[in-house]
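J.: heads up, no residue letters with this:
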Ligand SMILES: O=P(O)(O)OC[C@H]1O[C@@H](O)[C@H](O)[C@@H](O)[C@@H]1O
């Protein structure tokens, strides 16, 4: 826990002044943790303990806890909206219920429902964030796990990767039950997992079509994402429901920006011998010849009909990310390399060396939903400290260790 220190006093001051104007107040007693008192016009008042604050560009980010974490989600959202009118951020609040320590809680932006921070027990960041991430504009952050919907990449007439990553989502306080796991597309409302008893380290976010969205994509939908956390694993369960009177189709991806020690030391395993669309060859269909994907130039490929488990092995850092997925049979591998990195304004020139994207996706066969139907996918991202050493990689051992063989 980091208490308010002198390094932050100016930042707090600026924010307190703004809060006063918005009729929120800030309490700080000498030798006590700083507290924020939220009072809404409706009369709701809550006291929040601030655990940590950091300043990122023009946005002050807090970690905090409260007796009522769900209420605070909502109040926090309103505060950020009122103060910046730009983006909203929060951490999963599970005080008193969650067995995980604070520093393991991921940070999720309501803007895009994007997870932007996820840490392991050694407090290492497990997601990549660009050194030039633009936190204060109305555009998806370069890093973390943005959600691509209803279009992946430029495979359609919509903005690149669809609009969902550039919209403000809501917390779904009473999420509808998950459909049966046996069907990936279902009209069933039967439950296998009770949402009323959803675990404290789970949050449901929802995006619904707006009148503006309907002008560019004329289909009414509800996109729900359940994000759950357990030690060493973070899970996304996306669901898309057709709430329109006509059928529609869509493509989808969870773009995983993973941090790596050096991109030239990385191997992606599980995609060998598969066909892929090469975006750098105008989508030409090719077949993977290598026994693992390695990187020495720009790569932008959508691998087709992939297995449910893929391993991203960082040889140097002795770390493996295991990607497990359901109902998302394609997988994208992307690294922009040097020229493209320079051309992307929100990516540092050398950042390409420190990241790789391996995404769970539905691209080749878009999902078709009739009115009332729902599609459900799932992605688990698992962090494994590998036990092998640089230069002595034995893929079969690693895959065996991960339960993949
Ligand atoms: O910059 P964005 O919109 O996040 O996309 C990053 C890259 O994503 C890839 O999937 C696309 O094929 C590239 O064309 C694109 O540059």
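T.: Looks like it arrived, so ask away. Here the structure is a predicted model, which is why all the values come from computation and not from measurement.

J.: quick one: is the lengthiest strand in the chain near the ligand?
T.: For the chain, the strand with the greatest residue count under DSSP state E is strand 355-369. No. Judged by CB under 6 Å from any ligand atom, strand 355-369 and the ligand are separated, with a smallest distance of 7.4 Å. In short, each C-beta sits where N, CA and C put it, glycine included.

J.: buried residues in that strand?
T.: Across strand 355-369, burial judged by 16 or more other CB atoms under 10 Å covers 355-364, 366-367, 369.

J.: what's the mean pLDDT across the following helix or strand past it?
T.: Downstream of strand 355-369, the next assigned helix or strand under DSSP states H and E is strand 374-376. Confidence for strand 374-376, expressed as mean pLDDT, is 97.

J.: and strand 374-376, which strands flank it?
T.: strand 185-186 (antiparallel), strand 233-242 (antiparallel) (DSSP bridges).

J.: quickly, which of those bottoms out on average pLDDT?
T.: Note on the strands paired with strand 374-376: lowest mean pLDDT is at strand 185-186, with a mean of 43.

J.: next up, the contacts around whichever residue of the stretch 301-405 of the chain sits closest to the ligand.
T.: Nearest residue of the stretch 301-405 of the chain to the ligand (CB to the nearest ligand atom) works out as residue 334 at 4.9 Å. Listed by CB atoms under 8 Å, 6 or more residues apart in numbering, the contact set of residue 334 reads 255, 299-301, 356-357, 359.

J.: repeat for residue 326
T.: 184, 308, 377-379.

J.: kindly recompute the last result at 6 Å.
T.: Residue 326 sits next to residue 378 when contact means CB atoms under 6 Å, 6 or more residues apart in numbering.

J.: quick revisit: now tabulate the contacts of residue 334 in a markdown table and tack on pLDDT and distance to residue 327.
T.: A markdown table is the format used below for the contacts of residue 334 (pLDDT from 0 to 100; distance: CB to CB, whole Å):
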| residue | pLDDT | distance to residue 327 |
| --- | --- | --- |
| 255 | 98 | 17 |
| 299 | 98 | 25 |
| 300 | 98 | 23 |
| 301 | 98 | 21 |
| 356 | 98 | 23 |
| 357 | 98 | 20 |
| 359 | 98 | 14 |
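
J.: re the thing from before, got the angle between the longest strand of the chain and strand 233-242?
T.: 30 degrees (axes from the mean of the first three to the mean of the last three CA atoms, to 10 degrees).

J.: please shift the residue numbers so they start at 10 in all later answers.
T.: Taking 10 as the first residue, the last one we looked at is strand 364-378.

J.: helix or strand: which one has the residue of the stretch 310-414 of the chain closest to the ligand?
T.: strand 339-344.

J.: repeat that for residue 355.
T.: Counting by DSSP H and E, residue 355 is found in no helix or strand.

J.: buried stuff in stretch 234-248?
T.: Neighbour count says stretch 234-248 has 234-238, 243-248 buried, by 16+ other CB under 10 Å.

J.: quick check: the farthest pair among those?
T.: Taking CB to CB as the measure, the buried residues of stretch 234-248 span a maximum distance of 18.4 Å, between 238 and 248.

J.: rewinding a little: just the angle between the longest strand of the chain and strand 339-344, please?
T.: On the basis of the same axes, to 10 degrees, strand 364-378 is oriented at 150 degrees to strand 339-344.

J.: measure the closest residue to residue 277 other than its chain neighbours to the ligand for me?
T.: Once flanking residues are discounted, residue 277 sits nearest to residue 302: 3.9 Å by CB to CB, 6 or more residues apart in numbering. Applying CB to the nearest ligand atom, to the nearest Å, the value for residue 302 to the ligand is 15 Å.

J.: what residues does the stretch 60-209 of the chain have near the ligand?
T.: 162, 169-170.

J.: can you turn the buried subset of those residues into a selection I can paste into ChimeraX?
T.: In ChimeraX syntax, the buried subset of those is picked out as below (16+ other CB under 10 Å):
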select :162,170
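
J.: tabulate the residues of the stretch 60-209 of the chain next to the ligand in a markdown table, adding columns for secondary structure and pLDDT.
T.: Shown next, in a markdown table, are those (DSSP: H, G, I helix; E, B strand; the rest coil; pLDDT from 0 to 100):
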| residue | secondary structure | pLDDT |
| --- | --- | --- |
| 162 | coil | 97 |
| 169 | coil | 97 |
| 170 | coil | 98 |
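
J.: could you count how many residues lie near the residue nearest to residue 303 when sequence neighbours are not counted?
T.: Leaving aside its chain neighbours, residue 303 sits nearest to residue 276 (5.6 Å; criterion: CB to CB, 6+ apart). For residue 276, the neighbour count with other CB atoms under 10 Å is 19.

J.: residue 276 in helix, strand or coil?
T.: Each residue gets one of three states, and residue 276 gets strand by DSSP: H, G, I helix; E, B strand; the rest coil.

J.: can I assume it is in contact with residue 323?
T.: No. With contacts counted by CB atoms under 6 Å, residue 276 stays clear of residue 323, the gap being 8.6 Å.

J.: show me where the stretch 210-359 of the chain has strands.
T.: Remark: strands assigned in the stretch 210-359 of the chain by DSSP state E, counting those that start in this stretch are 211-217, 230-239, 242-251, 257-263, 266-268, 275-278, 284-287, 293-296, 308-312, 318-323, 328-335, 339-344.
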